[in-house]
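Peer 1: below: sequence and its predicted model.
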Amino acid sequence: MKKAETLWLFGLLVVGLMLVRGDDDPDGFVEPFPLPELSLIDLNGKTVRLDSLSGVVTIIDFWATWCIPCLKEMPHFEALYKKYYNQGFRMVSISTEDDPDYVKRFMKEKGLNVSFPVLMADTKVRKAFGDVNALPTTFVVDSTGTIVRKYIGFRYPETFENDIRELLGLKEGVKETHVGPGESTVTATFNVEGMLIRNGVL
């Protein structure tokens with residue numbers, strides 16, 4: 001194999017690993033900063049202001065139609081949105097595509113039926129969130145409108161559920177055992193002292 005081809009394959013592998021697991025923020029660490037005051041357009045052309053999320057815990061996820069890990073996360077976000085909506089949680093998905101009509105068709109074709117807002121981002125929006133380049137990139141926002149977590153790459157749903165529960169002031173956390181890519185066998189719920197409350201086979 002030629003040297004140029006070897007370097008190209010190596011670069012492709014590195015980029016793939018960054019997208020799947022995250023490159024520089026594996027634990028969600030970010031210096032807290034306020035949620036940008038922006039107005040975005042949803043898939044139906046309606047304007048949505050991000051500052052309307054003030055007072056609730058929110059997850060904001062940047063994604064694209066070509067990003068397989070992004071698509072894998074979306075049903076997880078929908079489940080969390082429905083589970084914690086009445087307790088003060090909101091979910092926002094921000095597509096980095098250029099054409100909202102294309103995104104709308106794509107989601108319908110793929111059966112991505114979500115009840116939370118799907119908004120469109122441009123370069124200005126991505127820069128306002130600290131130059132979002134790798135996907136998925138997910139931000140967790142507390143009820144004061146402060147971004148307190150940032151995840152680059154795919155995460156299992158219990159990562160976000162624990163963040164949600166912590167910020168909502170709920171006393172239980174969720175841990176999950178995985179036996180393979182995307183496969184889960186046992187879930188367990190623990191209280192804040194780490195004592196097992198309940199478990200079950202999925």
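Peer 2: Sure thing, it's come through.
Peer 1: what sits against Leu170?
Peer 2: By C-beta atoms under 8 Å, 6 or more residues apart in numbering, the contact list for Leu170 reads Gln87. Where you see a C-beta, it was placed from the backbone N, CA and C, and this is true even at glycine.
Peer 1: try 10 Å
Peer 2: Tyr84, Gln87, Glu161, Asn162, Ile164, Val192 (C-beta atoms under 10 Å, 6 or more residues apart in numbering).
Peer 1: just give me the least confident of these.
Peer 2: Within the contacts of Leu170, the minimum per-residue pLDDT falls on Val192 (41).
Peer 1: lowest-pLDDT helix or strand in this structure?
Peer 2: When each helix and strand of the chain is scored by mean pLDDT, DSSP states H and E, strand 196-201 comes last, with a mean of 40.
Peer 1: ok, of the contacts of Leu170, which come out buried?
Peer 2: For the contacts of Leu170, a neighbour count by 16 or more other C-beta atoms under 10 Å gives the buried set as Tyr84, Glu161, Asn162, Ile164.
Peer 1: out of those residues, which are inside helices?
Peer 2: Judged by DSSP state H, the subset of those located in helices is Tyr84, Glu161, Asn162, Ile164.
Peer 1: can I assume the second one is in contact with Tyr84?
Peer 2: Yes: in this structure, Glu161 sits in contact with Tyr84. The criterion is C-beta atoms under 10 Å, and the distance is 8.2 Å.
Peer 1: re earlier: export the contacts of Leu170 to CSV and tack on distance to Val57?
Peer 2: Listed next are the contacts of Leu170 as CSV, based on distance: C-beta to C-beta, whole Å:
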residue, distance to Val57
Tyr84, 8
Gln87, 9
Glu161, 12
Asn162, 12
Ile164, 6
Val192, 17
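Peer 1: quick check, nearest of those residues to Thr58?
Peer 2: Ile164 (9.5 Å; C-beta to C-beta).
Peer 1: how far away is the closest one from Phe33?
Peer 2: Look at Ile164 and Phe33: by C-beta to C-beta, to the nearest Å, they are 20 Å apart.
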